[in-house]
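**Student:** Kindly generate the corresponding structure for this input.
(chains A, B, C and D)
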Number of protein chains: 2
Amino acid sequence: MLASALIDEDVDDDRLDLVLRAIADRTRRALLARLVQGPARVTDLAAPFDMSLVAVSKHLKVLERARLIERDIDGRVHRCSFQAEPLREVERWLDHYRVFWTDTLDALARHVEDGDDQTGNSDDGKEQVS
Amino acid sequence: MLASALIDEDVDDDRLDLVLRAIADRTRRALLARLVQGPARVTDLAAPFDMSLVAVSKHLKVLERARLIERDIDGRVHRCSFQAEPLREVERWLDHYRVFWTDTLDALARHVEDGDDQTGNSDDGKEQVS
DNA sequence: CCTATATTAAACTATATGGTTAACTAACGT
DNA sequence: ACGTTAGTTAACCATATAGTTTAATATAGG
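**Tutor:** Okay, the predicted model is just below:
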């Protein structure tokens, strides 16, 4: 087991940049929404959109670089399938903030005191509760 | 109570674009990480970064437009505070995908069959399980 | 072999992004 | 009143993004 797995080395900014930028576009989010229902060919994925096939192809490449889709090439057909794994990185990032809307004020205060801290700037005495 | 609250009207793409693009930059994520520890002035927020105050000021404006921070102007000092609310929209979006890494395969199959469906393209018989 | 199909590659355009420096505005301390 | 501090605005630059149209590539099917 790697040290990084034990240390919870927070998040990988490079990956997070890739994934967040990938999902920060509504066309690509729509593509993912379609793909969770099952793999599809590029042409079929492009069909519902009011843009060229080439444009969609590029969006797919962005998703692919972020590893949000995988491509299975079969002859001339590229079959794309959804890969959820990179979203776990987003989830992990959100973990640091979820406490601000799920927990009680009490838990929040505990959280802030806990050195659950990404910056090393541990405590300057100004906790924020609201 | 509004209808939209009952219908789970999925997600607001405009807001999601704003928020996701805001957090898709590591500098802005670092700013948020700093701000969860408590409000801070623009100058202090900028200090740790190897870039001009102006650059940080612009990043803060992006975060502000996404409503991830609020600004309390007191004289010439702008005090910024973290606002978690917009991240709930991201959380809500992730809800559609979380099932792919948290649940059992069984639950996943149920999910796909459920018409928990963003596209209206309900079922073409090709479910994806891995 | 020929032609249609599936997809990417290339070249281009327009706009957005992330950064800079310089100038400006406003408020503070003395 | 004066200089300093806090912050934004303006103008600019380089690169990235999202789209286009026109080729190019490769496979499939008569």
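**Student:** Residue A:97 is in what secondary structure piece?
**Tutor:** If you go by DSSP states H and E, residue A:97 is part of helix A:85-102.
**Student:** same thing with residue A:64?
**Tutor:** Per DSSP H and E: residue A:64 is located in helix A:53-65.
**Student:** is DNA strand C contacted by that helix?
**Tutor:** Yes - residues of helix A:53-65 contacting DNA strand C under CB under 7 Å from any atom of the strand: A:53, A:54, A:57, A:60, A:61. From N, CA and C alone the C-beta is placed, and that goes for glycine too.
**Student:** what subset of the residues you listed is also close to DNA strand D?
**Tutor:** The subset of the residues of helix A:53-65 next to DNA strand C within reach of DNA strand D, by CB under 7 Å from any atom of the strand, is residue A:54.
**Student:** so which of the residues of helix A:53-65 next to DNA strand C would you say is closest to DNA strand D?
**Tutor:** Of all the residues of helix A:53-65 next to DNA strand C, DNA strand D sits closest to residue A:54, with 3.7 Å by CB to the nearest atom of the strand.
**Student:** For that closest one, report the pLDDT, please.
**Tutor:** What the model reports as pLDDT for residue A:54 is 98.
**Student:** Only C-alpha atoms, please: export stretch A:28-42 in CSV.
**Tutor:** Taking C-alpha atoms only, stretch A:28-42 is exported to CSV below (Å, rounded to 0.1, in the frame of the first residue of the first chain):
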residue,chain,number,x,y,z
ARG,A,28,-19.9,17.5,-22.2
ARG,A,29,-22.1,17.1,-19.2
ALA,A,30,-25.0,16.2,-21.6
LEU,A,31,-22.7,13.7,-23.2
LEU,A,32,-21.9,12.1,-19.9
ALA,A,33,-25.6,12.1,-19.0
ARG,A,34,-26.2,10.2,-22.2
LEU,A,35,-23.4,7.8,-21.6
VAL,A,36,-24.4,6.6,-18.2
GLN,A,37,-27.2,4.9,-19.9
GLY,A,38,-24.7,2.8,-21.9
PRO,A,39,-21.9,3.0,-24.4
ALA,A,40,-22.6,4.7,-27.7
ARG,A,41,-20.9,5.5,-31.0
VAL,A,42,-19.6,9.0,-31.7
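**Student:** Just confirm yes or no for that stretch near DNA strand C.
**Tutor:** Yes - Stretch A:28-42 lies within reach of DNA strand C by CB under 7 Å from any atom of the strand, at A:41, A:42.
**Student:** Mind listing what's buried along that stretch?
**Tutor:** For stretch A:28-42, burial by neighbour count (16 or more other CB atoms under 10 Å in any protein chain shown) applies to A:28-40, A:42.
**Student:** Inside helices: which ones of these?
**Tutor:** Of the buried residues of stretch A:28-42, the ones assigned to helices by DSSP state H are A:28, A:29, A:30, A:31, A:32, A:33, A:34, A:35, A:42.
**Student:** farthest-separated two in these?
**Tutor:** Between any two of these, the greatest separation by CB to CB is 17.4 Å, found for A:29 and A:42.
**Student:** show me where pLDDT drops low in chain A?
**Tutor:** Scanning chain A with the threshold set as pLDDT under 70 gives A:1-10, A:103-130.
**Student:** Please list the residues of chain A that sit near DNA strand D.
**Tutor:** By the rule CB under 7 Å from any atom of the strand, the part of chain A lying against DNA strand D is A:21, A:24-25, A:27, A:51-52, A:54-55, A:58-59, A:62, A:74-76.
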